[in-house]
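> 3D model of this:
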Amino acid sequence: MISTGTGTPIATPYEVELAIGGMTCASCAARVEKKLNRMEGVSATVNYATEKAKVSYADGVGVGDLIATVVKTGYTAEEPPPPVPVAAAPAERDDDPELGALRQRLLVSALLAAPVVLMSMIPALQFDNWRWLALTLASPVVVWGGLPFHRAAFTNARHGAATMDTLVSVGTLAAFGWSLWALFWGDAGRAAMPGMDGMDGMGVRESFSFTASRAGAGGASEIYLEVAAGVVAFILLGRYLEARAKRRSGAALRALMQLGAKDVSVLRGGREVRVPVGELAIGDRFVVRPGEKVATDGTVVEGVSAVDASMLTGESVPVDVGAGDAVTGATVNVGGRLVVEATRVGADTQLARMARLVEDAQNGKAEVQRLTDRISGIFVPVVLLIAVGTFGVWLGVTGETVSAFTAAVAVLIIACPCALGLATPTALMVGTGRGAQLGILIRGPEVLESTRRVDTIVLDKTGTVTTGRMTLQEVYVAEGADEKQVLRLAGALEHASEHPVARAIAAGAEERVGALPEVASFENVPGRGVRGRVDGHEVAVGRLVDGLSEPLPEELARAKAEAESGGRTAVVVAWDGVARGVLTVADAVKETSAEAVRELRALGLTPVLLTGDNRAVAEAVAKAVGIDSADVIAEVLPEEKVDVVRRLQDEGRAVAMVGDGVNDAAALATADLGLAMGTGTDAAIEASDLTLVRGDLRVAADAIRLSRKTLTTIKGNLLWAFGYNVAALPLAAAGLLNPMIAGAAMAFSSVFVVTNSLRLRTFR
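Model prediction:
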């Protein structure tokens, strides 16, 4: 159950994403969101930066109803296109038509407005009839250049609303209208005509002023063509830079969407057939040659190679793969020829899921953004009232219509809340996009606020701190025995067993001594070990070995006891009735885990090791990575992990949890912040707030640092945007800002906020 904006619960909601057109500021997004949320059974979030609405709706409401509501509000909405496999999606065009049209409008307006501003500012450039030339140049700027503002303001007025465009349109049209009146019916037109009304014929006026009060204004003869044209040009510049920056801020997601292969060689009837990736089905076998991208998620059935997953995970070292190993779509084969069987296709692949997670996060809103949207929604009407009040107060106190008018226009222009609406979504877009490039998937904006609060991080041992696989560790040999022979005979015997410890010994032996001999008369002795005939010797390997002609040598007995006390599994190797060596096997600690724990401590977090293993094993792992024994919680059943997290929370701690298994899913969901290893199960990933695509614990520290940096950037943006409006409005109302300077400052504030957000692209 979720609630709508009116508090109406929605049972079993459907979800749809709509592309919203015509929004020009945060208050537009707030209006659309408010109208949608007023519908029965609807809960909507509208994001100005991504120009999308994410809507949940109940039975009885259709997508057509949602679109109709948006259209009635004065904007456009489109149904989502049918799902397309990520790899088959068309490439993003560089020549964005909307951006091109905006650039053309800006260039024409800037070229026409520049002479008007220069003539108004520099008396030396003023000549006979210069004001009529200024009118000729300014008119297309105000009418055609400012058309998007006027059109949006008119549409909003028809719906009884006011947005940022209302402020710009009213301000520039007021300045332009005042100038027309002064030129055609006031003294300004006659002053521009040589010899009329006893004027000096030069039409020269005082130089441009940065304040609202102009020296020697001369009553109605003052014109504001440079304000009308300059403000339009400056705001178009701000819009253009903002649009470019918004496009760049979404570049990471677009790049992610384009990573996949476009076509693939499928094996059909013993032949390779080249087909589009969209035609791949689960179970198809396809060929990946050196240098090619793996077309989709699958399992290697033939060949040995190395795969470069850096584009997907950020991991720079290629990973060796062979028959039976899983490979991920969009990774690059850098070695030999592979034959892969597809296990996931289309929207189910890891790449598609990553893209979906990133897009969902970018479309969401942090709590601080919701507050900003509420403020933006009421900001414009309040500014209109302030502008009217400013005009009235100035007129009443000074009696100067020109100064009153100038101050009121400055209030309208300076107050446009663009920066306020861009502060959060642009930082969120860049931060989540950069995270995706580094193999960090942030589920939603609320996660950012969680990372700031956490002070304790619970680390599941198996698969998170350790590799999750048993590996051969130490080899101890009795006096007179040969280490290679111990490994060769033990590895050969264990190769015939399916036990995890046996597989670890066999793999380790093969890696250290090479090919292993054949085994005859293999026998598994329950609870004891295995035995058989290898190279003419009767070999036995196990924790307990029967039939020894003499007791275990002292040095081997000591090594076995030390290994077992340290939490490792120790097995005895004997042949021909004599114990020749002891092998130790353990779930190896990942090479990067100790460094990761140090990084987590540096972030102010207390690491806690959680495991179902016995205390000795847990403390040995904790010691290896630098976790205090007091922070080790061992012998915990899978269903008890949730209780551990809750107990820590009851102690007043804000808990983050890192895990990778099905048995970690509930604890991940219960924790204040859940981090799932991308090498883990789907259940764990679905329950988490952050997904770490690589199986490297250091990425957990990177994820928390990136999240905190993104949140800091959002707060910095909001501080600037709020501070700018709070400081600038009184200055404008006091007559201390010329409207054109106000327009430039307003455009700069938006560009500053977006540029500040783009700094997150350099996060390392």
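> for the closest residue to Lys484 other than its chain neighbours, give me the pLDDT.
What sits nearest to Lys484 in space, not counting adjacent residues and going by Cβ to Cβ, 6 or more residues apart in numbering, is Val513, at 5.2 Å. Every residue, glycine included, has its C-beta placed from N, CA and C. What the model reports for Val513 is a pLDDT of 86.
> how far away is Val513 from Glu483?
Applying Cβ to Cβ, to the nearest Å, the value for Val513 to Glu483 is 9 Å.
> mind listing the strands for the stretch 301-450 of the chain?
Assigned by DSSP state E, counting those that start in this stretch, the stretch 301-450 of the chain shows strands spanning 305-308, 319-321, 326-327, 332-333, 338-342, 440-442.
> give the buried residues for the last one.
It refers to strand 440-442. Across strand 440-442, burial judged by 16 or more other Cβ atoms under 10 Å covers Ile440, Leu441, Ile442.
> and the last one, how far is that from Thr432?
What that stands for is Ile442. As judged by Cβ to Cβ, Ile442 and Thr432 stand 5 Å apart.
> out of the strands of the stretch 301-450 of the chain, which is the most enclosed?
Among these, ranked by average contacts under mean count of other Cβ atoms under 10 Å, first place goes to strand 440-442 (a mean of 28).
> ok now it, how far from the chain's centre?
6 Å (Cα atoms, centre = their mean, to the nearest Å).
> which helices and strands sit right next to it?
helix 350-363, helix 418-437, strand 690-692, helix 698-733 (3 or more Cβ pairs under 8 Å, 6 or more residues apart in numbering; DSSP states H and E).
> save these as JSON lines, and put in mean pLDDT, mean neighbour count and distance to Gly336 too.
Output for the helices and strands packed on strand 440-442, formatted as JSON lines (pLDDT from 0 to 100; neighbours: other Cβ atoms under 10 Å; distance: least, Cβ to Cβ, whole Å):
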{"stretch": "helix 350-363", "mean pLDDT": "63", "mean neighbour count": "22", "distance to Gly336": "23"}
{"stretch": "helix 418-437", "mean pLDDT": "73", "mean neighbour count": "29", "distance to Gly336": "28"}
{"stretch": "strand 690-692", "mean pLDDT": "79", "mean neighbour count": "27", "distance to Gly336": "29"}
{"stretch": "helix 698-733", "mean pLDDT": "83", "mean neighbour count": "20", "distance to Gly336": "29"}
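> who wins for proximity to Val754 among those?
The closest of the helices and strands packed on strand 440-442 to Val754 is helix 418-437. By Cβ to Cβ, the value is 5.1 Å.
> who are the packing partners of that closest one?
helix 26-37, helix 225-249, helix 251-257, helix 350-363, helix 367-398, strand 440-442, helix 698-733, helix 739-758.
> can I get stretch 155-167 in CSV, CA atoms only?
Once non-C-alpha atoms are left out, stretch 155-167 reads as follows in CSV (Å, rounded to 0.1, in the frame of the first residue of the first chain):
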residue,chain,number,x,y,z
THR,A,155,-0.6,29.0,-21.2
ASN,A,156,-0.1,29.2,-17.4
ALA,A,157,-2.3,32.3,-17.2
ARG,A,158,-5.1,30.4,-19.0
HIS,A,159,-4.9,27.8,-16.2
GLY,A,160,-4.7,30.4,-13.4
ALA,A,161,-1.1,29.7,-12.6
ALA,A,162,2.2,31.6,-12.6
THR,A,163,5.7,30.2,-13.1
MET,A,164,9.2,31.5,-13.8
ASP,A,165,8.2,32.2,-17.4
THR,A,166,5.5,34.5,-16.0
LEU,A,167,8.1,36.6,-14.2
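> turn the helices and strands packed on strand 440-442 into CSV, columns for distance to Glu619.
Output for these, formatted as CSV (distance: least, Cβ to Cβ, whole Å):
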stretch, distance to Glu619
helix 350-363, 35
helix 418-437, 34
strand 690-692, 25
helix 698-733, 22
